[in-house]
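S.K.: Sequence and predicted structure are below.
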Amino acid sequence: MENEVKLTKLSKCAGCGAKVGAGVLANLLEGIRVHEDPNLLVGFDKSDDASVYKVSDDLALVQTVDFFPPIADDPYLFGQIAATNALSDVYAMGGEPKLCLNIMAVPESMPSEAVHQMLRGGYDKVYEAGALITGGHSILDDEPKYGLAVTGFVHPDRVLTNAGARPGDVLVLTKPLGIGILTTAAKAGMASAEGIALAERLMTTLNKSARDVMVRYHIHACTDVTGFGLLGHACEMAQGSDVELEIDTAAVDLIPEAVEQARMGVLPAGMYRNRKFAEDYVDAGAVELCRQDVLYDPQTAGGLLMAVAPEDAEALLKELTPCVPSAQRIGTVRSYQGGKRIFLR
């Protein structure tokens, strides 16, 4: 077709693999003065997914922003993925998305129909989440980018952060890992049709169902697993909570094709950034290197990582299974002994 465009050919990085590394980001933010406000419940001085501001005794606003270059060639699919990813930060805080603003950068030469389809993909996912898109901002750029600024609601007493995990908690993960590796392989023409279809399905699955179940239980900490990979986000949870995490790698749902691609060395640049940030805090034990790579793999629109009270873990997983079939118990939280933060078994 005359107006057909391969979006991934227009970008150097794909999806959350384009994120600035966690260690680099921490250095960039170091020394910036943080103003105090008693109603600011969660701010950027923490390593959390979104900010939370208390409006009243019954209402707090959750705000986040997320955008990235294309991770799919189809504009409609890319719009869906970008929106799914942006909405996830609100779900991770226990909130409900309500209002969204488009953030878009497009080349001047990009066909108008492709731009329309990208926006339509975002709109459809936002409406599926029960939220509204009310405007936005766009600029011209040589590389296309799309995402959302999202505002959600949460009760001030029920805000979830990544810093509340307690010894004895059970770790639950709601999506398989390996999305970044599969999309990297797809860009190189090395992924199977089945692998690409799986990655696309995972990246367009909202964390809404997981959130709706999660808030009915005693969850002490939560984060969504995105650009910093499972181990990067788990490291932030362990440090913020001053605990250790023990992860049973045999229980983690690693996409088999992603493991094989990792064994062949097909890895996104973001995996190396994540490893550099987190590996000093990780005791990898005897876990095979390719499986470690998948644990560091940057995920786009990945699942939720929860630290749930042990007495609630079984009931949570039982209720999650029908609507989130990939939910799995992957480890436990332990008291910090002053050594590594994460132990792989």
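M.R.: Cool, got the structure. Because the structure is a prediction, the values reported are computed rather than measured. Numbers count the residues shown, from 1 in each chain.
S.K.: neighbouring contacts of stretch 115-131?
M.R.: Residues from elsewhere that reach stretch 115-131, judged by Cβ atoms under 8 Å, 6 or more residues apart in numbering: 74-84, 87, 96-100, 102, 104, 106, 132-133, 144, 146, 148, 150, 152, 204, 206, 208. Bear in mind the C-beta positions are built from the backbone N, C-alpha and C, glycine included.
S.K.: And the strands in the stretch 1-150 of the chain?
M.R.: Listed in chain order, the strands found in the stretch 1-150 of the chain under DSSP state E, counting those that start in this stretch are 40-42, 51-54, 60-68, 96-106, 132-140, 145-154.
S.K.: And the ones you listed: which comes nearest residue 190?
M.R.: With respect to residue 190, and counting by Cβ to Cβ, the nearest of the strands of the stretch 1-150 of the chain is strand 60-68 at 21.7 Å.
S.K.: how about that closest one: buried residues?
M.R.: Residues of strand 60-68 classed as buried: 60-64, 66-68 (neighbour count, 16 or more other Cβ atoms under 10 Å).
S.K.: One more: stretch 194-201?
M.R.: Applying a neighbour-count criterion of 16+ other Cβ under 10 Å, one finds 195-196, 198-200 buried in stretch 194-201.
S.K.: Mind checking which of those residues land in helices?
M.R.: Judged by DSSP state H, the subset of the buried residues of stretch 194-201 located in helices is 195-196, 198-200.
S.K.: Out of these, which comes closest to residue 35?
M.R.: Nearest to residue 35 out of these is residue 199 (Cβ to Cβ; 40.9 Å).
S.K.: tell me which element the residue nearest to that closest one when sequence neighbours are not counted is part of?
M.R.: Nearest residue to residue 199 in three dimensions, chain neighbours excluded: residue 182, at 4.3 Å (Cβ to Cβ, 6 or more residues apart in numbering). Counting by DSSP states H and E, the element that carries residue 182 is helix 179-187.
S.K.: And the residue nearest to residue 140 when sequence neighbours are not counted, its phi and psi?
M.R.: Using Cβ to Cβ, 6+ apart and skipping the chain neighbours, the partner closest in space to residue 140 is residue 108 (5.3 Å). Taking degrees, to the nearest 10, you get phi -60, psi -30 for the backbone angles of residue 108.
S.K.: same deal with residue 213?
M.R.: Per degrees, to the nearest 10, the backbone of residue 213 is at phi -80, psi -50.
S.K.: mind checking how far stretch 49-66 is from the chain centre?
M.R.: The offset between the C-alpha centroid of stretch 49-66 and the centroid of the whole chain comes to 18 Å, using Cα atoms, centre = their mean, to the nearest Å.
S.K.: who touches residue 263 in this structure?
M.R.: The neighbourhood of residue 263, defined by Cβ under 8 Å, 6+ apart, consists of residue 290.
S.K.: any idea how far it is from residue 288?
M.R.: Noted for residue 263: a distance of 8 Å to residue 288, by Cβ to Cβ, to the nearest Å.
S.K.: which neighbours do those two share?
M.R.: Common neighbours of residue 263 and residue 288 (criterion: Cβ under 8 Å, 6+ apart): none identified.
S.K.: I'd like to know how far the closest residue to residue 151 other than its chain neighbours sits from residue 57.
M.R.: In this structure, residue 151 finds its nearest non-sequential neighbour in residue 99, 4.6 Å apart by Cβ to Cβ, 6+ apart. The spacing between residue 99 and residue 57, counted by Cβ to Cβ, is 22 Å.
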